[in-house]
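**Student:** Give me coordinates for this.
(one chain, ligands or ions: 1)
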Amino acid sequence: MSTVNFDSVDVTFADGHQALRSVSLDIADGEFIALVGPSGSGKTTLLRSLAGFISPSAGTISIDGAPVSAPESLVAVEHRGLGMVFQQHALWPHMKVGENIAYPLKLAGVRRPRRERRVAEVLDLVGLAGMGGRRPDQLSGGQRQRVALARAIIHQPRVLLLDEALSALDEPLRATLRSQLQSMAKDLGLTVLHVTHDRSEALAIADRIVVLDQGRILQAGRPAEVVAQPATGFVAQFLNDATLLNGVLDSHGFHADGLPLMVPRRNVSTDLPEGEPSVPGQLAVTPNHVVLSPVGPEETGGADVVSSLYGRHAHTVELHWSGRRMRGETAGWQPAPGDLVGVDVIGGLFFPEGPLPPMHRPHRSESSRPPAPPRSARTASGG
Ligand SMILES: Nc1ncnc2c1ncn2[C@@H]1O[C@H](COP(=O)(O)OP(=O)(O)OP(=O)(O)O)[C@@H](O)[C@H]1O
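**Tutor:** Here you go, the predicted structure:
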């Protein structure tokens, strides 16, 4: 229902810790954003800054073009028009479900008949029709989380903020709520910021993924984009379980330091032009780039299998190879921990040491802006 803009936002806590560093991000009206990153990367700080619980030390946060956090002005939490759901569904235990959900409307002075109508509507929307008379302790964990969601959307928020809102739920309920949340957000045209530890959930549910590390945005892009074109080796490692190998890329291919490995140039994905002299950097090798083969008892070399996990489509195998940990996949056969296996690396994404000149990476540098709307949406808003 609204646009959100972060413009060069810094957050430094009282103890001097800088949790956000020059964060700039434009979120389109009705966009579903998933914020991912390792623990301590600043996801919750970003969300809480937008909510108004944390004041940035520099930069501006705007909703619908109007600053809500700026050096000279700060809009109070309750006047930002946001809906929030956290991991722990903080429902008032002494209030019935309907009263819990209606509370924001009661605070806003909405009269009882209208409140009751709206409660019935949102209960229906979250799949809890008719449950308004129950107490929270008569509900399951998933139902309580739906109540929290209903309460967050009853006052038609401008932006919905979700902080690990599904994390306490077990599968398959979590998967169900995930898809309901996505379709509800689209039906209502909600702008959503969803913090999650779950990479698959982020990729499945969001229009755009924002990857944070150490308070900086490393990449923001559509799910297929961040998976196929990670901006840095770290993003490839975080989203795709890639192994990062140090080495040098030349006209023949990538030569890994300290490993009997050369990946031919044609199988190395890079923004560097052909004919560049030897360039030091890292090759991000995803598990599907690692081909494993059984090794006979009389053979030597290869890698030790550290763990081997069954998968429906492919088994995930952790390896120890010449002093490095690496992850690969097998299909059709599954090695056991302690086995020796042959390793072939058939490709990877190359990241040169140091920053690349922008002309070498056009699709990776403009990712903090929302993608253009699809043709149908442009026609609708234009006409
Ligand atoms: N009030 C505070 N004072 C000082 N440092 C803080 C404060 N709140 C958070 N931090 C620090 O700021 C950094 C970012 O914290 P934040 O909670 O945003 O990370 P996160 O990405 O949400 O982590 P997690 O995934 O573990 O929830 C962390 O290093 C954290 O320790």
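
**Student:** Can you give me the buried ones in the host helix or strand of Phe350?
**Tutor:** For Phe350, the element it lies in under DSSP states H and E is strand 348-352. Within strand 348-352, the residues scored as buried using 16 or more other Cβ atoms under 10 Å are 348-352. Backbone N, C-alpha and C define where each C-beta goes, glycine included.

**Student:** Now the residues you listed in CSV, please, with extra columns for pLDDT and distance to Val11.
**Tutor:** As requested, the buried residues of strand 348-352 are exported to CSV (pLDDT from 0 to 100; distance: Cβ to Cβ, whole Å):
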residue, pLDDT, distance to Val11
Gly348, 96, 35
Leu349, 96, 31
Phe350, 96, 34
Phe351, 95, 28
Pro352, 93, 31
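
**Student:** Turn those residues into a markdown table, columns for distance to the ligand.
**Tutor:** A markdown table is the format used below for the buried residues of strand 348-352 (distance: Cβ to the nearest ligand atom, whole Å):
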| residue | distance to the ligand |
| --- | --- |
| Gly348 | 28 |
| Leu349 | 25 |
| Phe350 | 28 |
| Phe351 | 23 |
| Pro352 | 28 |
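
**Student:** can you map out the helices along the protein?
**Tutor:** Shown for the chain, the helices assigned by DSSP state H span residues 43-51, 97-107, 112-125, 141-153, 173-188, 199-205, 223-228, 233-240, 362-365, 375-382.

**Student:** The third one to helix 141-153, inter-axis angle?
**Tutor:** If you take axes from the mean of the first three to the mean of the last three Cα atoms, to 10 degrees, helix 112-125 sits at 130 degrees to helix 141-153.

**Student:** If you count contacts, what does helix 112-125 end up packed against?
**Tutor:** helix 97-107, helix 141-153 (3 or more Cβ pairs under 8 Å, 6 or more residues apart in numbering; DSSP states H and E).

**Student:** angle of the last one against helix 173-188?
**Tutor:** In other words, helix 141-153. Angle, helix 141-153 to helix 173-188, by the same axes, to 10 degrees: 20 degrees.

**Student:** now swap in the shortest one and tell me
**Tutor:** Per the same axes, to 10 degrees, the angle that helix 97-107 makes with helix 173-188 is 40 degrees.

**Student:** List the contacts of helix 97-107.
**Tutor:** Contact partners of helix 97-107, identified using Cβ atoms under 8 Å, 6 or more residues apart in numbering, comprise 91-92, 95, 114-116, 118-119, 122-123, 128, 131-136, 139, 147, 150-151, 154-155.

**Student:** Of the helices and strands packed on helix 112-125, give the one that comes closest to the ligand.
**Tutor:** When the helices and strands packed on helix 112-125 are compared by Cβ to the nearest ligand atom, helix 141-153 sits nearest the ligand, at 17.9 Å.

**Student:** Check which helices and strands the closest one sits against.
**Tutor:** Here helix 141-153 touches strand 82-86, helix 97-107, helix 112-125, helix 173-188, going by 3+ Cβ pairs under 8 Å, 6+ apart.

**Student:** just those: most buried one?
**Tutor:** strand 82-86 (a mean of 22; mean count of other Cβ atoms under 10 Å).

**Student:** Pull up the pairing partners for that one, direction included.
**Tutor:** Within its sheet, strand 82-86 is paired with strand 159-163 (parallel), according to DSSP bridges.

**Student:** Let me know the angle separating the partner strand from helix 43-51.
**Tutor:** Here strand 159-163 points in a direction 150 degrees away from that of helix 43-51 (the same axes, to 10 degrees).

**Student:** Contacts made by strand 159-163 with the rest, please.
**Tutor:** For strand 159-163, the surrounding residues in contact (Cβ under 8 Å, 6+ apart) are 1-2, 4, 44, 47, 50-51, 63, 81-87, 152-153, 181, 185, 190-196.

**Student:** Which members of these additionally contact the ligand?
**Tutor:** Among those, the residues lying close to the ligand (Cβ under 6 Å from any ligand atom) are Thr44.

**Student:** now the helices and strands packed on helix 112-125 as a markdown table including mean pLDDT?
**Tutor:** Shown next, in a markdown table, are the helices and strands packed on helix 112-125 (pLDDT from 0 to 100):
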| stretch | mean pLDDT |
| --- | --- |
| helix 97-107 | 90 |
| helix 141-153 | 87 |
